[in-house]
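**Q** Sequence plus predicted model, see below.
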Amino acid sequence: MATALLLAGCSGASQQEDDRFWVLAPDASGQTAVMAGGSAAVGANAAANVNAAARQETAAAQQNINVDPVPSGRYRIGSVHSGLCVEVAGGSTANGAPLVQAACDGTLRWQFFDITQTATGQYKLVNLHSGKAADIPAGSGANNIVIQQWDDNGTGAQRFRLQRTAVTDRYRIVNVNNGKCFNVAQASTSPGASLEQVTCGEAASQLFHLAPGEPTPIRMPGSQPLIPPPPPVPPSATYQPLLWPDDALPVHDTLEDGTLVTRVGGRVRDRHAREPIVDDSYQVFPPHYFERRTHEILIYDNAVAGDPEQRILTVVVKPQHYWYGTNFRHGFIGRRGDDPLEPTSVALYADNGGMKILPGGVLTRTPIPNYAALGQDPNGNYTPPAGVPGNNFVLVKEIRTAANEGHRPLRKGDLVEFELGIFLAGNPDVIGRFNYYAEALVYRAGAHGIVSWFRGPGYGVQRPLDSLPMPGEALLGGPWMTLHEDTSSEPYRMLMQASHNIASYNMQPWVEGRRLLHTSFVSGLHSEGSNTVFTAQAGKSAPRFSQTRCVDCHAGNGKSSPATNTPLSRLGVFVGTRGANNTQSPDARFGLRLQQGVYREGGANVDGREAELVLTGYTETSGRYGDGTAYVLRKPNYALRDRNGQALALPTALSVRAAPSLVGLGLLEAVPEQALERLAIDQRSDADGVAGRLQIVADPRDAGMNRVGRFGWKAGAATLEQQTSLAFNTDLGVTSPLMSQLECARGSAGAACAQVDNGSARLTAADIHKTTLYLSLLGVPPRRSFDNPLEQNAQARQLQAVVKRGQQMFEAARCTACHVPALRTGHHQFVELRYQDIKPYTDLLLHDMGPGLADTYVEGRATGSEWRTAPLWGLGTAAAIDPSVRYLHDGRAATLEEAILWHGGQASAAKQRFEAMPLQDRRALVEFLKSL
């Protein structure tokens, strides 16, 4: 009888349990699956196999080995703490690929290891799929080093002891050289968490099960057997994958005594989360937001002695500025006990007390033994000392009860919502403003991280609008990077928010990065009033530019759109000269970009134009849907004129491109190249002729090294650092260490730029880092109108049904062949982005979109008709940010329907299926796109 070993994590609160066992349960096909804890929850691939009798099976034998020493053989390695399985990330065969935990799948060869005894008590762990050995990088003895795979070299860095704990089926995996133990990073229970080495202790995250077995394809009822994992993907071009350092501090951690620690950042706001107010609202960035108005939040989560299900939270707040008063509100209620059963106070919490001062600012243990004796926060204004408080001023709050349920003891799985009211110490006339609110964060007791949430039912319940965890289908940015619901009716600000799981140490640099995007590099003025002038950045723009602020093109961090008979200064105008054999060179007049900006603000009048490209109108073509409904498509026409309005010849190579949305860029940077290669290989046999390929670009730090392009309409930049430096130079006329020569100095119209182009960087490496950090850690809005049975509004439920139908139509049209719904991130410099299952709806590949969308500009490998698949997340906010928004690379489409109908080339079959749909299905598909 074949055996499929599926060490699948249980659902619900039991997933956090330490005590787990594995029992045999026969499935409908006569195979055997291993079930966790006697639960009916099994691996996703086997769920349909397990019949009712199997779910009741309780007497079968355990399948994890329970012997010492461990016999050589083939094993699955399962985490005791999370119930997930150890694998090589993404099934990679490359040296240096990390070991991570993932949902158990008995068909995956990279979740099996040949564990072989090489000497008495010493073992090597060789991955079945890659043939490479588990390895400590460089044989390091440091804590938190991520375990990788490497060619078997016989060194001590690849030799381990398997220490059985007492008389159980639990093992520690200990390196023979340094004595450090395998550990699930941050004691995470989430798929994608890496394995690291740490000092050995008693934590369950250091314990593993070993289950012998072979990878076995599983037959689903009524279906064909699953195809075995594909062979390693060979590179389709010559390039070097991105490699990131691993020196970032964790966001989530587990202490040796089992205490769960979450470290996130917070910022000031104007109002409460559920309180929609015009001009004074929750998502806004209040005046002086970057002037040390951020704070660090550390949540220590302890089990009560004798009852691990009962929890105690210790919340520590470390401000960047001294505070004289704090409101700590937790346990959202929304109504008073004698109020009608409806939301009567969207800012009402069960506990609205202050916080206590922690002398010395350093926790030696939690819960704090003398918490009740600690003094309250100052509760009165004072003159603060100079500088950042650090540990001189740390506030604490202890939470022992689920305050919004009759103050019963807090238990594992409870959601705890809290927010701060902030009063800064000092003279308001000097510091500019002293009173703020902060974000509403939701934490799940007994688990790491901040939860993305949405409002529960609004009427007829005990706790109207109470926060509920966002369902998986709505987590477009994964569990750590998806924002909570837009509860304050500010969709036009949803692309501007930091991830709720931003690392505490990244919050202040993040707001300073935002300041850079909102600063004019001519005047230093901030785009939002009442903020101080950034004098250090004034005067850095070159004499020729298109805009002087990033947000002048990326308003609300969204896309830009063209308007007729108006210079296209908010769009990128790529220019060049076409030569023989399709060669391309810079335009003699303008180089590679046309600068056409004018700056008038605060009395300044600066003309940064080289010339002006104007959208003069459109050439219309008509068509009909399958049901006979007519439509019209419009192709833009352009005219070029000099600074005096005289007509000029258009460049022979010309590409007009809207500024794209900025959301989710860090997550896209974190997708491994191997994942993109696999998508390209899968598309080679696509029935519709979809055949994407990687863009390859030169590394700006080393022109002899190639990278995979990811950013821009033709994927012309490989990293966010490169894309950011390009935009500063080519759009704002500001140099940086990566690009210290002015682009505007290339052509004759940029003579003024050439006179000042001395090769010096006007921006510092720190400026670029903050800007890149800001872009990387922008949160992704959750999907809207997801299926929500709790919704009590009939019209909203109807829209949910339409959106669900639209998703089905999107898939039926095979739009997903290029707009791939799900990707998985890998390692990255920012820990917040690592190993997340995301839903960006892109494959990041170049596709030939046919002559209708082609222009005359070549970029890297991309021909005039090839475009990178645009991500769709955040698409539904575009019209809220700009009611006149237009779509596609040059903004030719006034509606999403027009954008779909322009698809040609490799997307022709999908477009034709859309054309053939009935009206209601076409509308449903568009509503689905608007929900993203």
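**A** Cool, the structure landed.
**Q** In the stretch 601-750 of the chain, where is pLDDT below threshold?
**A** Within the stretch 601-750 of the chain, no range satisfies pLDDT under 70.
**Q** Tell me where the stretch 501-650 of the chain has strands.
**A** 571-578, 584-585, 596-601, 604-609, 612-624, 630-641, 647-648 (DSSP state E, counting those that start in this stretch).
**Q** Mind listing residues that contact the second one?
**A** Put plainly, it is strand 584-585. With CB atoms under 8 Å, 6 or more residues apart in numbering as the test, strand 584-585 has contacts from Gly576, Thr577, Arg578, Gly579, Ala653, Tyr857, Val858. The C-beta positions use only the backbone N, C-alpha and C, and glycine is treated the same way.
**Q** What residues of stretch 898-914 count as buried?
**A** 898-911, 913-914 (16 or more other CB atoms under 10 Å).
**Q** quick one: low-confidence ranges for the stretch 801-932 of the chain?
**A** For the stretch 801-932 of the chain, no range has pLDDT under 70.
**Q** All the helices of it, residue numbers only.
**A** 878-881, 896-901, 908-916, 919-931 (DSSP state H, counting those that start in this stretch).
**Q** I'd like to know which of those is closest to Leu640.
**A** helix 896-901 (25.6 Å; CB to CB).
**Q** tell me what that closest one is packed against?
**A** Under the contact criterion of 3 or more CB pairs under 8 Å, 6 or more residues apart in numbering; DSSP states H and E, helix 896-901 touches strand 630-641, helix 908-916, helix 919-931.
**Q** Make a markdown table out of the helices of the stretch 801-932 of the chain and add distance to Val451.
**A** Formatted as a markdown table, the helices of the stretch 801-932 of the chain follow (distance: least, CB to CB, whole Å):
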| stretch | distance to Val451 |
| --- | --- |
| helix 878-881 | 25 |
| helix 896-901 | 31 |
| helix 908-916 | 36 |
| helix 919-931 | 21 |
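**Q** Domain parsing of this protein, as residue ranges.
**A** 3-212, 252-469 (automatic domain parsing).
**Q** What is the neighbour count of the nearest residue to Pro781 once chain neighbours are set aside?
**A** Using CB to CB, 6 or more residues apart in numbering and skipping the chain neighbours, the partner closest in space to Pro781 is Met494 (4.4 Å). Neighbourhood size, Met494 [other CB atoms under 10 Å]: 25.
**Q** Quick check on Met494: phi, psi?
**A** The phi and psi values for Met494, taken as degrees, to the nearest 10, are phi -70, psi -20.
**Q** and it, what is it in contact with?
**A** Met494 touches Gln283, Leu483, Asp486, Pro781, Gly874, Thr877, Ala880, counting by CB under 8 Å, 6+ apart.
**Q** same deal with Asp114?
**A** Asp114 neighbours (CB under 8 Å, 6+ apart): Ser72, Gly73, Arg74, Leu125, Val126, Asn127, Leu128.
**Q** ok, which stretches of the stretch 151-300 of the chain are strands?
**A** So, for the stretch 151-300 of the chain - with DSSP E, counting those that start in this stretch - the strands run 160-164, 171-175, 181-184, 195-198, 208-212, 252-254, 260-266, 268-269, 295-304.
**Q** ugh, wrong one, the stretch 301-450 of the chain
**A** Going by DSSP E, counting those that start in this stretch, the stretch 301-450 of the chain shows strands at 307-319, 323-332, 349-353, 356-357, 395-399, 401-402, 408-409, 415-424, 435-438, 441-444.
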